[in-house]
Structures are given as structure tokens and as C-alpha cells.
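J.: Let me see the structure of the following:
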Amino acid sequence: MPKSGLNSLFVFLPLLILQFLPIISGIRKDISLQERHVCRNTVQGRYLLSDDNGHVCDALSLDPQSRCCPGKGEKYTCHGCNLVSECCNSYEYCVSCCLNPARTQKEQALKVKIAKAVTAGTYASVFDFCAGRCRHSSESVVHENAYLSDFHHCFSLPSNSSGGATVTHLEARLNGIHVIIGRQGESCDSACKSNGQSCVPSKLLVLNQCEIMQKYMSCKGACLASMGADQPAEVVDDAPRQLNPGACLYTRTQTMLSCDGSHRHTRRLCPCA
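T.: Numbering: from 1, shown residues only. This is a model prediction of the structure:
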């Protein structure tokens with residue numbers, strides 16, 4: 001090779017190497033960097049949202065890249081929730097409260113069907129379960145356009161979803177409570193007082209379940225939704241036919257639950273302590 005050709009090679013070779021250096025350095029990645037978690041979150045709220053970590057924040061606080069709420073605040077917040085009925089007055093706080101593993105068991109939540117149809121699928125994650133259960137449904141309204149109560153976002157497992165597991169879950173809330181059946185026409189205040197105890201109003205929500213009533217009462221005439229301050233209760237056998245003798249009654253209007261309610265044709269199921 002001529003001397004001039006060698007000189008040209010020595011001049012252009014370093015330039016050629018320098019040209020490819022940025023490409024080579026750009027291919028290398030720092031293997032120590034972990035992939036950043038991208039949150040799923042509720043997006044239907046006007047002011048707040050809840051992410052799948054269990055945090056609640058406003059839309060302006062949301063991290064634009066991770067879509068997560070700031071992790072500094074309280075986790076699994078149950079602000080505005082009734083922890084006995086597991087219902088809340090806010091959708092976002094309902095989802096946050098529901099995500100708490102102490103309140104929602106993953107194994108049971110993933111078995112719940114999304115719809116009532118036999119062919120319906122199940123929830124893919126606890127977040128899907130909480131986001132779905134906390135939305136408004138036919139269970140939380142009356143006459144199609146009115147809520148049963150202010151606490152119309154509920155995340156409790158449906159009563160027919162887990163059989164005995166649901167009864168066990170409900171009974172766990174009755175620790176320290178003496179459940180008694182009052183006399184015909186007697187209020188729970190009177191029934192508990194006869195035993196030297198007092199009626200515990202907050203526990204009426206727990207007793208207001210067919211599964212619990214069927215454990216303590218015969219419920220020969222089925223378990224029916226009704227409205228009355230004397231519920232949960234069982235209709236006495238000699239009641240008029242139109243009152244469904246032998247049936248157990250529960251109310252969907254939680255605000256009507258009362259220790260002093262009574263009806264001359266029913267016997268109340270009472271929580272005493």
C-alpha cells in the first residue's frame with residue numbers, strides 16, 4: 001500500500017471510532033435501576049382518586065409518570081366509612097378502606113362474580129374487586145332513584161359469595177355480644193334490660209343479615225327485606241297472613257335500625273352487652 005494511503009487510514013480510523021462511541025454508550029443500561037411501578041387508580045371522582053396502593057389524593061397531587069398518589073399520607077384510609085356495615089359516603093375512601101388486607105381477604109374477593117349472571121367472570125385483582133364493589137349498584141338504591149342511606153358505597157362481600165366464610169366473618173364482629181331473642185312485641189332495650197344488659201345499637205347492623213338471623217331463628221317463612229324499626233326480627237306464627245308468619249325480616253334502610261323499635265307481631269333479634 002502506498003505511503004499516502006497509510007497516512008489517510010491513520011487519520012480517518014480515529015474519527016470512525018469516535019463516530020460510533022455514542023451509539024455504543026447509548027446501548028448500555030444501568031442494570032441496577034429497577035422498573036418503576038405504575039399505579040392503577042380510580043378516575044371517576046370530581047376531586048379525589050384512590051390508587052392501588054391504598055392512598056387517596058387529589059388529581060393535582062398525582063405523579064404524572066407513575067400515576068400514584070404521594071406515599072406520605074395515611075394508607076387504607078376509611079374516612080367517612082361505617083366499619084360495621086363496611087359502607088362509606090365516598091367512593092374513593094371506600095376503595096382505599098377496602099384495599100386493606102385486614103378487611104378484604106384476597107382469596108375470597110377473587111372468587112366473587114362481577115355480575116349476578118352465572119356466566120359472569122370474577123375480579124382479576126383486589127383493586128378490581130374494591131373499585132367494582134364500591135360503585136353504586138341496585139343494592140344501594142330504592143325506587144331506582146334514591147339512596148338507602150348516605151353510606152351507599154359498600155365493599156362488603158355479597159352474602160352468597162362465600163357461604164360459611166361470610167357467617168364466620170360476621171360472627172367475628174359479635175365478640176363480647178350476647179345475642180338474645182326478645183318476646184313478642186318487645187323492644188331490644190327491654191329485652192337486654194331483662195338480662196341486666198344494654199342494647200348495643202352499632203351491632204344491629206351485624207344482626208341485620210339473613211345468615212345471622214337463620215342461625216338464631218327458625219325463619220320458616222324465608223328471609224325477606226322489609227322496612228321497620230323492629231328489625232331484624234321474626235314474624236310470629238299467629239300473625240295475619242299478609243305479614244308472612246314465620247318469616248325473618250331485615251331492613252335495607254340502615255337508618256331505621258333502633259334498639260327501642262318494636263312491633264306487636266314480631267320477636268326481635270337483639271345485641272346485648
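
J.: Quote the end-to-end distance of stretch 82-90.
T.: 11 Å (CA to CA, to the nearest Å).

J.: quick one: contacts for the closest residue to Gly121 other than its chain neighbours?
T.: The shortest distance from Gly121 to any non-neighbouring residue, by CB to CB, 6 or more residues apart in numbering, is to Ile114 (5.7 Å). From N, CA and C alone the C-beta is placed, and that goes for glycine too. Neighbour list for Ile114: Ala120, Gly121, Thr122, Tyr123, Gly132 [criterion: CB atoms under 8 Å, 6 or more residues apart in numbering].

J.: how about low-confidence regions in the stretch 151-273 of the chain?
T.: 151, 158-169, 221 (pLDDT under 70).

J.: Do a quick rundown of the helices in it.
T.: Taking DSSP state H, counting those that start in this stretch to define them, one finds helices in the stretch 151-273 of the chain at 164-171, 188-194, 204-207, 210-216.

J.: What's opposite Cys154 in the beta bridge?
T.: On the basis of DSSP bridges, Cys154 takes part in beta bridges with Cys87.

J.: Tell me how many other residues surround it.
T.: Counted with other CB atoms under 10 Å, the neighbours of Cys154 add up to 23.

J.: Let me know whether it touches Gly132 as I believe.
T.: No. Judged on CB atoms under 8 Å, Cys154 makes no contact with Gly132 at a distance of 11.4 Å.

J.: now the strands for the stretch 51-200 of the chain?
T.: Using DSSP state E, counting those that start in this stretch, the strands of the stretch 51-200 of the chain run over residues 56-58, 81-82, 87-88, 141-142, 146-147, 153-154, 178-181.

J.: how about these in TSV, adding distance to Glu211?
T.: Formatted as TSV, these follow (distance: least, CB to CB, whole Å):
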stretch	distance to Glu211
strand 56-58	31
strand 81-82	19
strand 87-88	17
strand 141-142	22
strand 146-147	24
strand 153-154	16
strand 178-181	13
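
J.: looking at these, which is closest to Leu224?
T.: Smallest distance to Leu224 across the strands of the stretch 51-200 of the chain (CB to CB): 15.2 Å, for strand 141-142.

J.: hang on, Ser190 packs against Gly182?
T.: Yes. At 7.1 Å, Ser190 counts as touching Gly182 under the criterion of CB under 8 Å.

J.: quick one: which of the two has more around it?
T.: Gly182 (24 against 17).

J.: do you know how far that one is from Cys81?
T.: To Cys81, Gly182 is 30 Å away according to CB to CB, to the nearest Å.

J.: check contacts around Pro245.
T.: Neighbours of Pro245 in contact, by CB under 8 Å, 6+ apart: Gly221, Val235, Val236, Asp237, Asp238, Ala239.

J.: Cool, thanks, talk later.
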